[in-house]
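A.B. asks: kindly generate the corresponding structure for this input.
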Amino acid sequence: MSKEKNSFWKKCTGSKLFFPAVCLLVVILVNVIKSPSFLQISINNGVLYGRLIDIANRGSEIAILAIGMTLTIAVSAGTDISVGSVMALVASCCCTSLVGYGVNSASSVKMPIIFGVLFGIFIGGVCGCFNGFMVSNLKVQPMVATLVLYTAARAIGLVVSNNQNTYVHVKQYKYLGNFWHIGGWECPIPTPIFVAVICVILATLLLKKTALGMYIQAVGINPKAARIMGINSGLIIFLCYVICGLGAGIAGTVASSRIYSADSNNIGLNFEMDAILAVALGGNSLAGGKFSLAGSIIGAYTIQALSTTLLAFGVKTEQAPVIKAIVIVIIVVIQAPAIQSYMKNRKARKAGATGGEAVAK
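C.D. replies: Now for the predicted structure:
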């Protein structure tokens, strides 16, 4: 029985998801100690409220971005630092297409809401195509290639929205970022949670039920060997950046719907950093190759849980990023390959020493 327990424990600790899950649980445990009511979920005015709901809701955009970021890092060993700015551009394009250029605020729309949302997501896909073309065809380093839209997309968004915040005061536009209404019934769960779950399910099916997941890992590990095997490395890299762009498009429309406006200066601000950190916290190597999508999702919600924790502890807004950065650096260092290798070697030496003592006796 003890051997079975030991083998089960070794399997758990050997899993890539073990440390990300432990980090998330530790953050939650700290909150529970600070406030025993942290895990409570209540229903007020027909909708769910609670810290856990807030974390799941507010972390949705980061989780969606983490999907595409995981793939781009795995396939090209490079990060897409443009996703935050693309979110702002998508929000501007979506709102402007609905109310018209130069309109600051409107209580009616010029086309169905779904068309404006799909147009915004399409713009995200176009940005992904641009980044993918730069990386896969022109062989530009990923960070340099995506630096173009990191700099330009937010500025283009300001031009599209006539250098102003565009407000869409239409009830239906708020559904995607808040709560969905069907007739007189209001869904008690925030819509962004459903959007994130759907994106994760679709990405998982795409990676598991097709050969794309295997191709991404093959190209990320050795692109030359992948080409020799007959895999079109350039196409796989291009597809990953398109998926990342579409993810930014979806996250941008959700963020815009949440505040029913296009705020190009603030939507998606620094979200690219959180998405990259989510991938790192998920136990994924930034050198490309093998990846864990589940780890990245856990990392995304860990970051959001940490942000919520700091607010609950009364940390000032300007001080929160400093403390958040310190905690994340500690977590990343613990997960570093050099540290992990050191710990494994230390355990092996201890096991060898114990075995030697037993033989001597």
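A.B. asks: all the helices of the stretch 1-150 of the chain, in order from the start?
C.D. replies: With helices called from DSSP state H, counting those that start in this stretch, the stretch 1-150 of the chain shows them at 2-14, 18-34, 51-58, 60-76, 83-99, 113-136, 142-160.
A.B. asks: I'd like the average pLDDT over the second one.
C.D. replies: Spelled out, that is helix 18-34. Mean per-residue pLDDT for helix 18-34: 87.
A.B. asks: the last one now?
C.D. replies: For helix 142-160, the mean pLDDT works out to 95.
A.B. asks: can you spell out which helices and strands pack onto that helix?
C.D. replies: Where contact means 3 or more CB pairs under 8 Å, 6 or more residues apart in numbering; DSSP states H and E, helix 142-160 is packed against helix 83-99, helix 113-136. In short, each C-beta sits where N, CA and C put it, glycine included.
A.B. asks: what about the shortest one, average pLDDT?
C.D. replies: Mean per-residue pLDDT for helix 83-99: 96.
A.B. asks: which residues belonging to it are considered buried?
C.D. replies: Neighbour-count burial for helix 83-99 flags 83-99 (criterion: 16 or more other CB atoms under 10 Å).
A.B. asks: show me the contacts for the residue most central in space within the chain.
C.D. replies: Central residue of the chain (CA atoms, centre = their mean): A66, 2.5 Å from the mean position. Going by CB atoms under 8 Å, 6 or more residues apart in numbering, A66 touches 275, 278-279, 282, 296-297, 299-300.
A.B. asks: likewise for I121?
C.D. replies: Neighbours of I121 in contact, by CB under 8 Å, 6+ apart: 90, 246, 249-250, 253.
A.B. asks: secondary structure and distance to K224 added to those residues, as CSV?
C.D. replies: Formatted as CSV, these follow (DSSP: H, G, I helix; E, B strand; the rest coil; distance: CB to CB, whole Å):
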residue, secondary structure, distance to K224
V90, helix, 35
L246, helix, 28
G249, helix, 32
I250, helix, 34
T253, helix, 39
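A.B. asks: so which of those wins on neighbours?
C.D. replies: When neighbours are counted by other CB atoms under 10 Å, V90 leads those with 35 neighbours.
A.B. asks: and it, how close does it get to G120?
C.D. replies: 4 Å (CB to CB, to the nearest Å).
A.B. asks: just K350 next, same as before
C.D. replies: 56 Å.
A.B. asks: circling back to that earlier point, among the helices and strands packed on helix 142-160, which is nearest C240?
C.D. replies: helix 113-136 (7.3 Å; CB to CB).
A.B. asks: quick check: buried residues in the closest one?
C.D. replies: 113, 116-117, 119-136.
A.B. asks: next one: stretch 312-319
C.D. replies: V315.
A.B. asks: burial of A294, as a residue count?
C.D. replies: Neighbour number of A294 under other CB under 10 Å is 17.
A.B. asks: quick check: which element contains it?
C.D. replies: Secondary structure assignment for A294, by DSSP states H and E: helix 293-312.
A.B. asks: now the helix or strand just after that helix: average pLDDT?
C.D. replies: Downstream of helix 293-312, the first helix or strand assigned by DSSP H and E is helix 320-335. Averaging pLDDT along helix 320-335 gives 76.
A.B. asks: how far off centre is stretch 173-193?
C.D. replies: 22 Å (CA atoms, centre = their mean, to the nearest Å).
A.B. asks: neighbour-wise, which one of the contacts of A66 leads?
C.D. replies: A275 (36 neighbours).
A.B. asks: CA atoms only: put the helix or strand containing that residue into CSV for me.
C.D. replies: Secondary structure assignment for A275, by DSSP H and E: helix 271-281. Taking C-alpha atoms only, helix 271-281 is exported to CSV below (Å, rounded to 0.1, in the frame of the first residue of the first chain):
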residue,chain,number,x,y,z
PHE,A,271,-1.7,42.1,-21.0
GLU,A,272,1.0,40.7,-23.2
MET,A,273,3.3,40.5,-20.2
ASP,A,274,0.6,38.7,-18.2
ALA,A,275,0.1,36.2,-21.1
ILE,A,276,3.8,35.5,-21.3
LEU,A,277,4.0,35.1,-17.5
ALA,A,278,1.0,32.7,-17.6
VAL,A,279,2.9,30.5,-20.1
ALA,A,280,6.0,30.6,-17.9
LEU,A,281,4.1,29.9,-14.7
